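Undergrad: Any chance you can model this:
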Amino acid sequence: MFSSYTNNNNNNNINFVLKLLKLFLFILILYCHPVYCSWLMTAQLASAISAPDYYNCQMQPGLVKRQREICRQHPAAMRAISEGLRNAIDECHVQFQRERWNCSASFGVVGPVKGAATAETAYIYAISSAGASHSLARACARGLIPECGCGGGEQTYVTSAAPEGFNGRPEQFIWAGCSDNVKFGNQFTRKFIDSTEKQIMDARHLNNFKLVVKNYF
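TA: I've put the predicted structure just below:
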């Protein structure tokens, strides 16, 4: 029974990531602005999370005012976003390590992506958005983000039946209280991105973006 639940949860996560990839590929093929993509520089936070959160947010290049506010108000969530972006950068390097373009030209070390609406830009933004959302969902499920639905919950030890040939001993695992909170990861990522959109899109562009989001989600 637990195995079936886990499989269903994994399938939901995969479907969510695929939808997110399609969404941001579509958006960036149509429109991409240097400021619109600059929030990827949030990955720098991963290497400086030991410093005061306020200082990190204030000194972080590439973020608009609203994003700095979100950063200060939700330090735990920002750590998750940072980790997700770092993972996305690493994965991008792995996937294209034998290609002429291997992400380095766009990412630098943790720098912003190119402003041109190219296939490479679309790929970078899509995988980064998916990585941030997935990392947020996992951190939420583990109870690491107080403001999400799984935050602050007590951990529960659950005993499962041992399979045959496993010395007959039941196995214990920690259940944090809920599955990966995909909804939280999705909403927080869109909220963070939306802060930049409002400064570079007019009302028509923003409405079109919302329509695309509604159709996909």
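
Undergrad: So for the helix or strand hosting Ile124, what gets flagged as buried?
TA: Take DSSP states H and E as the rule and Ile124 turns out to sit in helix 119-141. Of all the residues in helix 119-141, those buried under the rule 16 or more other C-beta atoms under 10 Å are 120-141. In this view, the C-beta of every residue, glycine as well, is placed from N, C-alpha and C.

Undergrad: What helices and strands are in contact with it?
TA: In this structure, helix 119-141 makes packing contacts with helix 2-30, helix 34-37, helix 75-95, helix 104-107, helix 182-200, judged by 3 or more C-beta pairs under 8 Å, 6 or more residues apart in numbering; DSSP states H and E.

Undergrad: mind exporting it as PDB, just the C-alpha atoms?
TA: Presented in PDB, the C-alpha positions along helix 119-141 are these (Å, rounded to 0.1, in the frame of the first residue of the first chain):
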ATOM      1  CA  ALA A 119      16.800  27.500 -27.400                       C
ATOM      2  CA  GLU A 120      19.700  27.500 -24.900                       C
ATOM      3  CA  THR A 121      18.200  30.300 -22.800                       C
ATOM      4  CA  ALA A 122      14.800  28.500 -22.800                       C
ATOM      5  CA  TYR A 123      16.400  25.300 -21.700                       C
ATOM      6  CA  ILE A 124      18.400  27.000 -18.900                       C
ATOM      7  CA  TYR A 125      15.400  28.900 -17.600                       C
ATOM      8  CA  ALA A 126      13.100  25.800 -17.800                       C
ATOM      9  CA  ILE A 127      15.500  23.400 -15.900                       C
ATOM     10  CA  SER A 128      16.300  26.100 -13.300                       C
ATOM     11  CA  SER A 129      12.600  26.800 -12.600                       C
ATOM     12  CA  ALA A 130      11.900  23.100 -12.400                       C
ATOM     13  CA  GLY A 131      14.800  22.600 -10.100                       C
ATOM     14  CA  ALA A 132      13.800  25.400  -7.800                       C
ATOM     15  CA  SER A 133      10.200  24.200  -7.600                       C
ATOM     16  CA  HIS A 134      11.200  20.600  -6.900                       C
ATOM     17  CA  SER A 135      13.700  21.600  -4.200                       C
ATOM     18  CA  LEU A 136      11.000  23.800  -2.500                       C
ATOM     19  CA  ALA A 137       8.600  20.900  -2.600                       C
ATOM     20  CA  ARG A 138      11.000  18.500  -1.000                       C
ATOM     21  CA  ALA A 139      12.100  20.900   1.600                       C
ATOM     22  CA  CYS A 140       8.500  21.600   2.500                       C
ATOM     23  CA  ALA A 141       7.800  17.800   2.800                       C
END
